[in-house]
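[1] Return a 3D structure for these sequence lines:
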Amino acid sequence: MTAFQPAPRPHTAHPPAEGTPHVETKLAIWSILGFWIFYYLLNTVRMAVLPSEHQLDALPRRAAVTVIGIALTFGMYWILRRLEGRSMRVLLTTAFLAAIPAAFAYAYVNFAAFYVVAQSSSMMQELHDMRAKHESVMSVITESAVSWYFFVAAWGVLYVALSYAARVQGAERKAAAYRSEAQAAQLRALRYQINPHFLFNTLNSLSTLVLTLRTAEAERMIMNLSTFFRTSLTSDPAADVCLSDEIDMQLLYLDIEKIRFPDRLAVAVDVPEDLEDARVPGMILQPLVENVIKHGVAKSGRPVTLTIRARANGSSFHLTVEDDADGGLRFPQLNGVGLANVRDRLATRFDGAASVAFGPRDGGGFRCDLTLPLLRVT
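    Predicted structure coming up:
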């Protein structure tokens, strides 16, 4: 059995504080690059299939125009990023509106790159045909902008969808954090349901020791009581401890009770070494041990042995608290506070993977068996 050491001060769990969830910057960048790289490759393949001249000359121009398109889309991203705290309707409206100037700017740059800068003979012919049809440059750019509007707006819709997904994930994370906090709060509430009669009885016994000048026993009781409450109130109620530390804690408590019942309380511990590092909820045995003292030892006219036993059983292990006091049926209400406390804590901590069984022992006394998953303290 390892020596008892006070557990560290608990860290109170709080849901993580976070602002409005945003689309990850890396994801936004890759969505922009993916859109425009797809355009560049698709348009290059389409033009290669068509019997068009000067394809090699068009490649660097198309690449330059694509870079401009990427820059314009980053401008949309900059605007939408700053509005992610608004409603989805506002984001969608902004995306559709921001796509208008972006599409016109891209159409103008595209026209200038292919029809104004370093004109080829085929481009000059196309311009001549436009003039012959009385088409103005602005009408050509506008017609092109309408086509590009849907492409640019499609990216805006994609970004709004990614923003919505980020909000949903953020809400799920918050909900999980609040569920975890609620579970921890429930465990703390159950953990702190230590019987106040224990403190009152101990203080009464301490008063008797002082009045009868039994100073050595009084000093030992004060030290044990101080250590017991300091440890039980400062350790994390939602954390597990190794079985050896849990039993050491109960032995400390029982050492206090032995001063109250020096001739009526005996304690036996039967725990194999290979189970000493098994994980159990802190103070899980306290209500069971208290019940033995209250209903067995305090009401018995003869010595009572309280036994704590552990046995492995595959992927689980059994933890037993029993006594040999007279009269086994001491709990007419099976939903008593102590047993209900243990049952609720196990249900909360292990989500149905642990169980509690109790009842009178053959030959007298009472027995409570806990079945828990066999998890090791790392």
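
[2] make it CA atoms for all contacts and neighbour counts henceforth
    Will do.

[3] Show me where the stretch 51-200 of the chain has its helices.
    55-81, 88-111, 121-132, 137-191, 196-211 (DSSP state H, counting those that start in this stretch).

[4] Reformat these into CSV and put mean neighbour count, distance to I259 and mean pLDDT next to each item.
    Formatted as CSV, the helices of the stretch 51-200 of the chain follow (neighbours: other CA atoms under 10 Å; distance: least, CA to CA, whole Å; pLDDT from 0 to 100):
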stretch, mean neighbour count, distance to I259, mean pLDDT
helix 55-81, 17, 69, 84
helix 88-111, 19, 69, 88
helix 121-132, 13, 105, 53
helix 137-191, 17, 25, 76
helix 196-211, 14, 8, 75
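
[5] Compare the ones you listed and give me the one nearest T25.
    Closest to T25 of those is helix 55-81 (CA to CA; 9.5 Å).

[6] before we move on, the earlier item: to Q250, which of the helices of the stretch 51-200 of the chain lies closest?
    helix 196-211 (13.1 Å).

[7] centre of the chain versus the closest one, how much separation?
    43 Å (CA atoms, centre = their mean, to the nearest Å).

[8] how about the helices of the stretch 51-200 of the chain in a markdown table, adding distance to G359?
    Shown next, in a markdown table, are those (distance: least, CA to CA, whole Å):
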| stretch | distance to G359 |
| --- | --- |
| helix 55-81 | 63 |
| helix 88-111 | 60 |
| helix 121-132 | 96 |
| helix 137-191 | 22 |
| helix 196-211 | 23 |
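
[9] Among those, single out whichever gets nearest to L275.
    helix 137-191 (22.9 Å).

[10] can you map out the helices along the stretch 251-378 of the chain?
    Residue ranges of the helices in the stretch 251-378 of the chain, as given by DSSP H, counting those that start in this stretch, are 286-291, 337-350.

[11] For the first one, name the packing helices and strands.
    Right, helix 286-291. Judged by 3 or more CA pairs under 8 Å, 6 or more residues apart in numbering; DSSP states H and E, helix 286-291 is in contact with helix 337-350.

[12] hmm, back to that, tell me which of the helices of the stretch 51-200 of the chain lies nearest to A357.
    Once these are compared by CA to CA, helix 137-191 is nearest, at 18.9 Å.

[13] any idea which of the helices of the stretch 251-378 of the chain is most buried?
    helix 286-291 (a mean of 21; mean count of other CA atoms under 10 Å).

[14] Let me see the ranges of the strands in the stretch 201-350 of the chain.
    For the stretch 201-350 of the chain, the strands defined by DSSP state E, counting those that start in this stretch occupy 240-242, 265-270, 279-281, 304-313, 316-323.

[15] Can you name every helix or strand that the third one contacts?
    Spelled out, that is strand 279-281. In this structure, strand 279-281 makes packing contacts with strand 240-242, helix 243-260, judged by 3+ CA pairs under 8 Å, 6+ apart.

[16] any residues touching the longest one, and which ones?
    Okay, so that is helix 243-260. 1-5, 202, 205, 217, 221, 224-225, 228, 265-267, 275-280, 282-286, 289, 293 (CA atoms under 8 Å, 6 or more residues apart in numbering).

[17] Put the buried members of the residues you listed into a ChimeraX selection.
    Here is the ChimeraX command that selects only those of those that count as buried (16 or more other CA atoms under 10 Å):
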select :202,205,221,224,225,228,265,266,275,276,277,278,279,280,282,283,284,285,286,289,293
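
[18] re the thing from before, can the helices of the stretch 251-378 of the chain go into a markdown table with extra columns for distance to N110?
    Below are these laid out as a markdown table (distance: least, CA to CA, whole Å):
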| stretch | distance to N110 |
| --- | --- |
| helix 286-291 | 78 |
| helix 337-350 | 64 |
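
[19] If you average pLDDT over each of the ones you listed, which is lowest?
    Lowest mean pLDDT of the helices of the stretch 251-378 of the chain: helix 337-350, a mean of 80.

[20] Compare the helices and strands packed on strand 279-281 and give me the one nearest Y40.
    The minimum distance between Y40 and the helices and strands packed on strand 279-281 falls on strand 240-242, with 58.0 Å, by CA to CA.

[21] In the sheet, which strands lie alongside that closest one, parallel or antiparallel?
    Strand 240-242 sits in its sheet next to strand 279-281 (antiparallel), going by DSSP bridges.

[22] just the CA coordinates of stretch 298-315, formatted as CSV?
    What follows is stretch 298-315, C-alpha atoms only, in CSV (Å, rounded to 0.1, in the frame of the first residue of the first chain):
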residue,chain,number,x,y,z
ALA,A,298,-22.3,2.6,16.4
LYS,A,299,-25.3,0.3,17.0
SER,A,300,-23.4,-2.9,17.8
GLY,A,301,-22.7,-4.1,21.3
ARG,A,302,-19.7,-6.2,20.1
PRO,A,303,-16.6,-5.7,18.0
VAL,A,304,-17.3,-5.2,14.3
THR,A,305,-14.8,-5.8,11.5
LEU,A,306,-15.0,-3.6,8.5
THR,A,307,-13.4,-5.2,5.4
ILE,A,308,-12.4,-3.5,2.2
ARG,A,309,-11.6,-6.0,-0.6
ALA,A,310,-10.8,-5.8,-4.3
ARG,A,311,-10.7,-8.6,-6.9
ALA,A,312,-9.9,-8.4,-10.6
ASN,A,313,-12.3,-9.9,-13.1
GLY,A,314,-11.0,-9.5,-16.7
SER,A,315,-11.5,-6.0,-17.9
